[in-house]
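Asks: Below is the structure, and that's it, no one-letter string:
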């Protein structure tokens with residue numbers, strides 16, 4: 001069944017989306033998403049996310065997150081919030097459960113949109129963006145960390161961020177491993193097994209090349225700002 005956190009928001013769906021539509025989807029044209037890097041999924045619309053790691057493998061899963069982030073930011077963030085963190089006017093889609101039942105709800109809304117009293121609250125994205133983009137965006141959304149997921153590690157993450165910014169990291173591999181351990185403890189809002197948290201992204205960016213330090217530091221800065 002759907003995640004309780006998401007269900008609490010559904011009764012206010014019409015009201016919330018109506019408010020945002022005054023300045024958002026009513027006059028916004030959906031933006032195409034480049035999905036060339038993702039494997040094909042066929043013509044018939046699926047009812048379950050094919051890009052999850054347990055189905056497609058870690059490499060495809062990571063690519064789907066990256067493609068989905070771009071697609072989400074171009075088409076969804078204006079209503080549903082940066083990083084899929086809702087400001088309260090539209091449902092917080094992070095809480096849509098990462099399961100076949102949640103997938104069915106998501107893909108129906110993605111394909112058909114939502115209309116009330118002849119007014120489009122959410123456009124139908126299906127024919128314009130296509131199925132690959134739909135599931136990439138779904139993958140990005142369901143891997144967002146829950147609120148407070150990194151709270152117990154904030155002080156340490158700030159220390160790492162500051163050291164990266166100053167270029168004073170002596171053992172990048174050890175820091176990368178530590179970030180991955182921290183990331184493994186971050187829970188998703190959807191119930192998906194792995195959160196693509198700021199700690200995880202920073203760990204993937206960090207290499208032995210000092211030029212990578214800034215990118216990892218910037219990722220942690222953004223993630224810590226969102227946490228606060």
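Replies: That came through, no problem. Because the structure is a prediction, the values reported are computed rather than measured.
Asks: A strand includes residue 115, no?
Replies: Yes: counting by DSSP: H, G, I helix; E, B strand; the rest coil, residue 115 is part of a strand.
Asks: Spatially nearest residue to it (excluding sequence neighbours)?
Replies: Distances taken as CB to CB, 6 or more residues apart in numbering place residue 121 nearest to residue 115, at 6.5 Å, with adjacent residues excluded. All C-beta atoms are positioned from the backbone trio N, CA, C, and that covers glycine.
Asks: average pLDDT for the host helix or strand of the one you found?
Replies: Using DSSP states H and E, residue 121 sits in strand 119-122. Averaged over strand 119-122, pLDDT sits at 80.
Asks: Repeat that for stretch 103-115.
Replies: Stretch 103-115 carries an average pLDDT of 92.
Asks: In contact with residue 202, which residues are there?
Replies: Each residue near residue 202 by CB atoms under 8 Å, 6 or more residues apart in numbering is listed here: 160, 179, 216, 217, 219, 220, 223.
Asks: Which single one of those is nearest to residue 41?
Replies: Nearest to residue 41 among the contacts of residue 202: residue 219, at 29.4 Å, using CB to CB.
Asks: Verify the stated contact: the closest one with residue 204.
Replies: No: using CB atoms under 8 Å, residue 219 is not in contact with residue 204, being 9.1 Å away.
Asks: Compare those two (neighbour count), which wins?
Replies: residue 219 (23 against 18; other CB atoms under 10 Å).
Asks: tell me which element the more buried one falls in.
Replies: Under the criterion of DSSP H and E, residue 219 resides in helix 211-227.
Asks: Check which residues of that helix are buried.
Replies: Residues 212, 213, 215, 216, 217, 219, 220, 221, 223, 227 are the ones in helix 211-227 that count as buried (16 or more other CB atoms under 10 Å).
Asks: domains of the chain?
Replies: According to automatic domain parsing, the chain comprises the domains 4-142, 151-227.
Asks: and residue 129, what does it touch?
Replies: Residue 129 makes contact with 30, 32, 33, 71, 75 under the criterion CB under 8 Å, 6+ apart.
Asks: Please indicate which of those residues are buried?
Replies: So, of the contacts of residue 129, 30, 33, 71, 75 end up buried under the neighbour-count rule (16+ other CB under 10 Å).
Asks: sorry, back to before: ok, the buried residues of helix 211-227 vs residue 168, which is closest?
Replies: residue 213 (9.2 Å).
Asks: Surely the closest one touches residue 220?
Replies: No: look at residue 213 against residue 220 with CB under 8 Å: they stay out of range, at 10.7 Å.
Asks: What segments of the chain are helices?
Replies: Along the chain, counting by DSSP state H, helices occupy 4-7, 13-21, 53-56, 58-75, 77-80, 100-112, 126-142, 154-166, 172-184, 198-205, 211-227.
Asks: Switch these over to a markdown table; also include distance to residue 41.
Replies: Output for those, formatted as a markdown table (distance: least, CB to CB, whole Å):
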| stretch | distance to residue 41 |
| --- | --- |
| helix 4-7 | 24 |
| helix 13-21 | 27 |
| helix 53-56 | 10 |
| helix 58-75 | 11 |
| helix 77-80 | 23 |
| helix 100-112 | 11 |
| helix 126-142 | 6 |
| helix 154-166 | 36 |
| helix 172-184 | 28 |
| helix 198-205 | 25 |
| helix 211-227 | 29 |
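Asks: Thanks a lot, catch you later.
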